[in-house]
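attaching a predicted model along with its sequence, questions to come.
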Amino acid sequence: MAGDWIKMRADLLTHPKVVRIVSALKADKLRVIGGLHAVWCLFDAHSSDGTLDGYTSEVLDDYLGWVGFSAAMVKVGWLEDDGESLSTPRFDEHNGQSAKRRATETQRKREARKEPDVSASDADKKRSREEKRREEGSVPNGTGGKPPLITDPGEIIFGYGLSMLVSAGTAEKVARSFLGGLRKGHGDEVLIDKLRECAKAKPLQPLEWLAAALPPGGVKGKPNAQEALEASNNAVAERFLKNLEGAASATV
């Protein structure tokens, strides 16, 4: 995918093995560096363990348009050819997504330890942005997710809770009225707990589930069972009217 990369030595241009390849092929150093880059990118794209099945030195030379390049890599120990496949030693240390993650994490820790008044143990506890994204991941829509990690009860109830009811077919106006009644009758904490339980239960009709889970006798006064029943009836009536209108339009 775009943005993938491989590790190459900063002093590769003067590396003894590069010098030997240049001497064997009587070629320009920069051309040799380009050939090595092409080979290592090929392995990174099509191998997860450093082995290319079906490739031979001749096939690789044809891919590069450079006869003898594979043999030169074999002589310096950067390539192995068993006649049926090609492999590159120590592949996992330099190529692939795992190498990129290791390199990024190592660099992050190295820079963290350079900061004043920060111990090595504290630096290791710092998490990368990638780790935070994995832990905090986005909240799925519908009844299968969990309330988002926010502190405003209203955002949880009328954000996550409303989305859950609307996704199940309840009209938004009806859902808002229903949640407002539950909030008034039972309080934020109780309602949010029930929203979490409802998300785990994954009922087909979360409105009816919540109405049954929050019976009369709320902590803030007036029972809410009647409002729940009315909201459920309104939702059924609205769906019936929509179906009726659709049937009428089809016959015109």
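Received, thanks.

doesn't Ser47 make contact with Phe91?
Yes. Using Cβ atoms under 8 Å, Phe91 and Ser47 qualify as a contacting pair, with a distance of 7.1 Å. Just so you know, the C-beta spots here come from the backbone N, C-alpha and C atoms, and that holds for glycine as well.

so Val174: helix, strand or coil?
The three-state label for Val174, taken from DSSP: H, G, I helix; E, B strand; the rest coil, comes out as helix.

state the distance from it to Gly187.
Separation of Val174 from Gly187 (Cβ to Cβ, to the nearest Å): 21 Å.

pick out whichever of these two has more residues nearby.
Val174 (20 against 15; other Cβ atoms under 10 Å).

distance check, that one against Val166.
With Cβ to Cβ as the criterion, Val174 and Val166 are 9 Å apart.

again with Lys29
64 Å.

those two: which is more packed in?
More neighbours surround Val166 than the other of Lys29 and Val166, with 17 against 14 (other Cβ under 10 Å).

helix or strand for the more buried one, which one?
helix 162-167 (DSSP states H and E).

against which helices or strands is that helix packed?
On a contact count with 3 or more Cβ pairs under 8 Å, 6 or more residues apart in numbering; DSSP states H and E, helix 162-167 meets helix 172-186, helix 188-201, helix 206-213.

so for Asp61, which of those helices sits nearest?
In terms of Cβ to Cβ, the element of those nearest to Asp61 is helix 188-201, at 58.6 Å.

and that closest one, which residues are buried?
Across helix 188-201, burial judged by 16 or more other Cβ atoms under 10 Å covers Val190, Leu191, Ile192, Lys194, Leu195, Cys198, Ala199.

and the gap between the second one and Lys202?
With the distance defined as Cβ to Cβ, Leu191 ends up 18 Å from Lys202.

and the fifth one, by the same measure?
Leu195 is 13 Å from Lys202, where distance means Cβ to Cβ.

and if you look at the third one?
Ile192 sits at a distance of 17 Å from Lys202 (criterion: Cβ to Cβ).

the strands in the stretch 51-200 of the chain, which residues?
For the stretch 51-200 of the chain, the strands defined by DSSP state E, counting those that start in this stretch cover 51-53, 80-81, 85-87.

quick check on Leu214: phi, psi?
Dihedral pair for Leu214: phi -120, psi 80, per degrees, to the nearest 10.

same check on Ser48?
Torsion angles, degrees, to the nearest 10, at Ser48: phi -100, psi -10.

quick check: pLDDT value at it.
The per-residue pLDDT reported for Ser48 equals 79.

what does Phe158 give?
Reported pLDDT for Phe158: 84.

repeat for Ser87
Looking at Ser87, its pLDDT is 92.

burial measure for it, as a count.
By the criterion of other Cβ under 10 Å, Ser87 has 17 neighbours.

please apply the same query to His37.
Residues within reach of His37, counting by other Cβ under 10 Å, total 13.

for whichever strand or helix holds it, which outside residues touch it?
Using DSSP H and E, the element containing His37 is helix 29-46. For helix 29-46, contacts defined as Cβ atoms under 8 Å, 6 or more residues apart in numbering pick out 4, 6, 8, 12-13, 18, 21-22, 25, 50, 52, 60, 63-64, 66, 69, 73, 78-79, 88, 91, 94-96.

may I see the buried residues of it?
Quick answer for helix 29-46 (16+ other Cβ under 10 Å): Val32, Ile33, Gly35, Leu36, Val39, Trp40, Leu42, Phe43, Asp44.

nearest to Leu179 among those residues?
Set against Leu179, the nearest of the buried residues of helix 29-46 by Cβ to Cβ is Asp44 (51.3 Å).
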